[in-house]
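Peer 1: here is a sequence with its predicted model. Questions after.
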Amino acid sequence: MNITDILNDVAAGKISAADAQRQIEKSGQIDLGFARLDTARAKRCGLGEVVFCPGKTPEQIIKIIFAFKQAGQNVLATRATPELFRAVAAAHGDAKYHETARCITVEINPRPEPVGLVAIVSAGTADLPVAEEAALTAEWMGAKVERVFDAGVAGLHRLLPHVSLLRSARAVVVVAGMEGALPSVVGGLIDKPIVAVPTSIGYGLSFGGFAALLAMLNSCAAGITVVNVDNGFGAGVAAGLINRVGEQS
């Protein structure tokens, strides 16, 4: 029941104001005891609540997915292992595993045709899990996504043929580890918002992506926003929101 239905019941004398208050306080969430699911987040924030899998048991995730399905909401679960997916798939036959992105999706409602354009650029093949997480997230938010993979600064000739594509995008996500230089290079070539994602890929004292993070934060190219290390999901959300603004304008 939504808030309008509750208020109509008050107006019709079917429930008291106190009962209406209690219902409104409970609306928009599902209490599972171990988790309180935010079913109103899509309306507030543009993307429904996403399930972060690490730290949760397979049984908990299975129950969370079931609750979202009962609420008529599509499900995106991130950082899922193949073992976890096998447990989920046994309970939810309609679940799909995106192996490279390490995500599980369950599509209850058909998603609309993708709009706009978000480009995902990754420096190396080792960065693909983070890049695919960003790509899948942006697609889940309704964006058309184009991928440009293995285009790092060690071979800039691999990037240059794709500059026209990057210039046509509403937002560009650039994923890189090592010295994290790729976002600066892309930022010197295009006039679109760039979301940079440092990854924990690197030799020796790369400090788990901290070196790439600092390099991106200190970029001399303007217009670059940086998310946390390996946060492909956060980058995909940011790019998806930028893409929606472009669709509305």
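Peer 2: That came through, no problem.

Peer 1: what about the longest helix belonging to the chain, average pLDDT?
Peer 2: What stands out as the longest helix in the chain, according to DSSP state H, is helix 232-248. On average, the pLDDT along helix 232-248 is 91.

Peer 1: in that helix, what's buried?
Peer 2: 232-244, 246 (16 or more other CB atoms under 10 Å). (Glycine included, C-beta is placed from N, CA and C.)

Peer 1: need those in TSV (columns: distance to residue 49).
Peer 2: Shown next, in TSV, are those (distance: CB to CB, whole Å):
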residue	distance to residue 49
232	18
233	12
234	15
235	18
236	15
237	12
238	17
239	19
240	15
241	16
242	21
243	20
244	18
246	25
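
Peer 1: follow-up on the earlier one: what packs against the longest helix of the chain?
Peer 2: Packing contacts for helix 232-248, counted by 3 or more CB pairs under 8 Å, 6 or more residues apart in numbering; DSSP states H and E, involve strand 115-122, helix 128-140, strand 143-148, strand 171-176, strand 194-198.

Peer 1: let's see it at 10 Å
Peer 2: strand 75-78, strand 115-122, helix 128-140, strand 143-148, strand 171-176, strand 194-198, strand 224-226 (3 or more CB pairs under 10 Å, 6 or more residues apart in numbering; DSSP states H and E).

Peer 1: adding mean pLDDT, write the ones you listed out as a markdown table.
Peer 2: Putting those into a markdown table (pLDDT from 0 to 100) gives the following:
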| stretch | mean pLDDT |
| --- | --- |
| strand 75-78 | 96 |
| strand 115-122 | 97 |
| helix 128-140 | 97 |
| strand 143-148 | 96 |
| strand 171-176 | 97 |
| strand 194-198 | 98 |
| strand 224-226 | 96 |
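
Peer 1: can you redo the ones you listed as CSV with mean neighbour count?
Peer 2: Compiled in CSV, the helices and strands packed on helix 232-248 are given as follows (neighbours: other CB atoms under 10 Å):
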stretch, mean neighbour count
strand 75-78, 24
strand 115-122, 26
helix 128-140, 26
strand 143-148, 20
strand 171-176, 31
strand 194-198, 30
strand 224-226, 19
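
Peer 1: for residue 102, find the nearest of these.
Peer 2: Nearest to residue 102 among these is helix 128-140 (5.9 Å), distances taken as CB to CB.

Peer 1: now that closest one and strand 194-198, what's the angle there?
Peer 2: Using axes from the mean of the first three to the mean of the last three CA atoms, to 10 degrees, the direction of helix 128-140 lies 150 degrees away from that of strand 194-198.

Peer 1: adjust the sequence numbering to begin at 37 for everything that follows.
Peer 2: With 37 as the first residue, the last one maps to helix 164-176.

Peer 1: state the distance from the nearest residue to residue 111 once chain neighbours are set aside to residue 222.
Peer 2: In space, and not counting its chain neighbours, residue 111 is closest to residue 142: 4.0 Å by CB to CB, 6 or more residues apart in numbering. Per CB to CB, to the nearest Å, residue 142 is found 34 Å from residue 222.
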